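>>> here is my input; please provide its structure:
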Amino acid sequence: MAAATRLISRLTLVTGGGSGIGRAVCQRLASEGASVVVADISEESAHDTLGSLQRDLRGQGHMAAVVDVSSKESVKNLVTRIQTHYFQPPSVCVNAAGITQDDFLLNMDEDHFDNVIRVNLKVRSLYRKANRRG
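Here you go, the predicted structure:
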């Protein structure tokens, strides 16, 4: 029973939370007591996940948000929205957002490759920069 409530009072952010691994992570975090911000590029998918989250533990308050993790401005706006809504930054962040361009690396044009890098690798540094105070 202790594991089921080990994340009570934790605010969590999951990018790519609208489907797949991200959705499963959101559901697991909520089942363990966390408040979950479901962030996804698809508003509909984020809300679908939001509707599937457990809400019966003390203090839980989930939120869906749209974010394009390849955009510094979008990530910054998300962090601001979270801090305004919850009066704190997330204490747990999971980046499950990711894309593929369905081509071999040697055949992929530079624009597609750059987009994969922006979405799959750059979000961590964007979040860190957006979350800096001062």
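>>> Gln27 against Arg55, yeah?
No: counting by C-beta atoms under 8 Å, Gln27 sits too far from Arg55 to count as a contact (11.7 Å). C-beta: built from backbone N, CA, C; applies to glycine.
>>> just want to know which of those two has more residues nearby.
The neighbour comparison of Gln27 against Arg55 (other C-beta atoms under 10 Å) goes to Gln27, with 18 against 11.
>>> which parts of the helix or strand encompassing that one are buried?
Element membership of Gln27 [criterion: DSSP states H and E] is helix 20-31. Neighbour-count burial for helix 20-31 flags Gly22, Arg23, Val25, Cys26, Gln27, Leu29, Ala30, Ser31 (criterion: 16 or more other C-beta atoms under 10 Å).
>>> the last one: what's it in contact with?
What that stands for is Ser31. Listed by C-beta atoms under 8 Å, 6 or more residues apart in numbering, the contact set of Ser31 reads Ala4, Gln54.
>>> look at the closest residue to Ser70 other than its chain neighbours and report its pLDDT.
In space, not counting the residues next to it along the chain, Ser70 is nearest to Arg118; the distance is 3.7 Å by C-beta to C-beta, 6 or more residues apart in numbering. With respect to pLDDT, Arg118 scores 71.
>>> would you map the helices across the protein?
With DSSP state H as the criterion, the chain has helices at 20-31, 43-51, 72-86, 110-120, 123-131.
>>> ok, Ala4 - how many residues close by?
Number of residues near Ala4 (other C-beta under 10 Å) recorded here: 12.
>>> likewise the one 4 residues further on?
By the other C-beta under 10 Å criterion, the neighbourhood of Ile8 contains 14 residues.
>>> any idea how far it is from Cys93?
Separation of Ile8 from Cys93 (C-beta to C-beta, to the nearest Å) stands at 18 Å.
>>> and for Asp109?
Separation of Asp109 from Cys93 (C-beta to C-beta): 31 Å.
>>> could you do Ser42 as well?
According to C-beta to C-beta, Ser42 and Cys93 sit 19 Å apart.
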